[in-house]
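Q: starting from these lines, generate the structure:
(one chain, ligands or ions: 1)
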Amino acid sequence: MKRLLSVGVLLSLVFGVALQATTQKELKMEAKAAIIKLGKTLKGEVAKSMKAHGPQSTAYFCYKNAKSLTKKINTSYPKGVSVKRISLKNRNKDGYPTSKDEVAMLKKLGAQVKAGKKLPKMIVEKISENYYKVYKPILVGKKCLVCHGDAKHRNKDAYKTIKEKYPNDKAIGYKVGDFRGAFVAEIRK
Ligand code: HEC
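A: The predicted model follows:
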């Protein structure tokens with residue numbers, strides 16, 4: 001009897017762990033796909049517009065389309081999966097984190113970058129039994145300075161449009177390698 005019981009315990013342990021691992025893996029893959037889709041879409045559209053129309057029109061393009069592009073991607077996913085971008089120094093008011101755990105995560109990642117640490121590619125955070133958030137840090141690249149850099153690196157015309165549309169803009173003064181924010185995919189099972 002004792003032996004049977006322990007086999008039972010062992011089996012449930014093994015399957016329990018295996019089950020958890022698959023869901024974690026699946027979840028990470030699902031989140032990663034959503035993040036990559038949003039990232040690629042926005043980056044691709046910005047690059048295309050920059051090439052065809054230059055910085056000022058592209059700044060306007062972002063103002064006009066970032067929200068609808070994000071929404072379109074979100075509606076292509078099942079209920080319970082969503083993705084967005086967040087930043088503590090935000091431009092878009094929708095870009096500010098909506099919960100304390102997101103603020104804490106951004107502060108933590110920002111401090112790590114300041115300390116010269118390399119950030120993980122993705123961070124999985126369990127919020128509750130069936131609710132996860134997956135973060136992908138966003139660092140500033142050279143191309144971003146046109147609209148997010150200091151006065152010396154920003155494009156004047158582009159920034160005129162940006163300031164007009166976002167009078168409370170905080171997303172400037174960045175240098176290459178700075179922590180800009182994160183993509184967050186939320187998954188509720
Ligand atoms: C042509 C101008 C332009 C360029 C280039 C640009 N951005 Fe932006 N960015 C904007 C505008 C306008 C917004 C506000 C609209 C929106 O939500 O996208 C924005 C918003 C963001 C947001 C959302 C959070 C917030 O602050 O509102 C992030 C994150 C971001 N940009 C990161 C980047 C990164 C990283 C790069 C370089 C790879 C980059 N941007 C290049 C104009 C630009």
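
Q: helices or strands next to the longest helix seen in the chain in the packing?
A: In the chain, with assignment by DSSP state H, the single longest helix is helix 2-75. Packed against helix 2-75 by the contact rule (3 or more Cβ pairs under 8 Å, 6 or more residues apart in numbering; DSSP states H and E) you find strand 81-86, strand 123-128, strand 131-139, helix 145-148, helix 156-165, strand 179-188. All C-beta atoms are positioned from the backbone trio N, CA, C, and that covers glycine.

Q: 6 Å - rerun?
A: Applying 3 or more Cβ pairs under 6 Å, 6 or more residues apart in numbering; DSSP states H and E, one finds that helix 2-75 contacts strand 81-86, strand 131-139, helix 156-165, strand 179-188.

Q: deepest in the core, which of these is it.
A: Ranked by mean neighbour count, those are led by strand 179-188 with a mean of 22 (mean count of other Cβ atoms under 10 Å).

Q: okay, now the sheet partners of that strand, with direction.
A: strand 81-86 (antiparallel), strand 131-139 (antiparallel) (DSSP bridges).

Q: export those as JSON lines, with columns for mean pLDDT and distance to the ligand.
A: Below are the strands paired with strand 179-188 laid out as JSON lines (pLDDT from 0 to 100; distance: least, Cβ to the nearest ligand atom, whole Å):
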{"stretch": "strand 81-86", "mean pLDDT": "97", "distance to the ligand": "4"}
{"stretch": "strand 131-139", "mean pLDDT": "96", "distance to the ligand": "5"}
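
Q: for residue 167, find the nearest of those.
A: For residue 167, the closest of those is strand 81-86, at 20.3 Å, according to Cβ to Cβ.

Q: the closest one vs helix 2-75, what angle?
A: Interaxial angle of strand 81-86 relative to helix 2-75 (axes from the mean of the first three to the mean of the last three Cα atoms, to 10 degrees): 60 degrees.

Q: downstream of strand 81-86, the next helix or strand is which one?
A: helix 100-114 (DSSP states H and E).

Q: so that next one, near the ligand or not?
A: No - Helix 100-114 does not reach the ligand (Cβ under 6 Å from any ligand atom); its nearest approach is 10.8 Å.

Q: tell me the bridge partners for residue 81.
A: residue 187.

Q: tabulate the CA atom coordinates of stretch 40-47 in CSV.
A: C-alpha atoms of stretch 40-47 as CSV (Å, rounded to 0.1, in the frame of the first residue of the first chain):
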residue,chain,number,x,y,z
LYS,A,40,8.2,43.9,-36.4
THR,A,41,5.1,45.6,-37.6
LEU,A,42,5.9,48.9,-36.0
LYS,A,43,9.6,48.8,-36.9
GLY,A,44,8.8,47.8,-40.5
GLU,A,45,6.2,50.5,-40.9
VAL,A,46,8.5,53.2,-39.5
ALA,A,47,11.4,52.1,-41.7
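
Q: ok, and what's touching that stretch?
A: Residues outside stretch 40-47 that contact it (Cβ atoms under 6 Å, 6 or more residues apart in numbering): residue 69.
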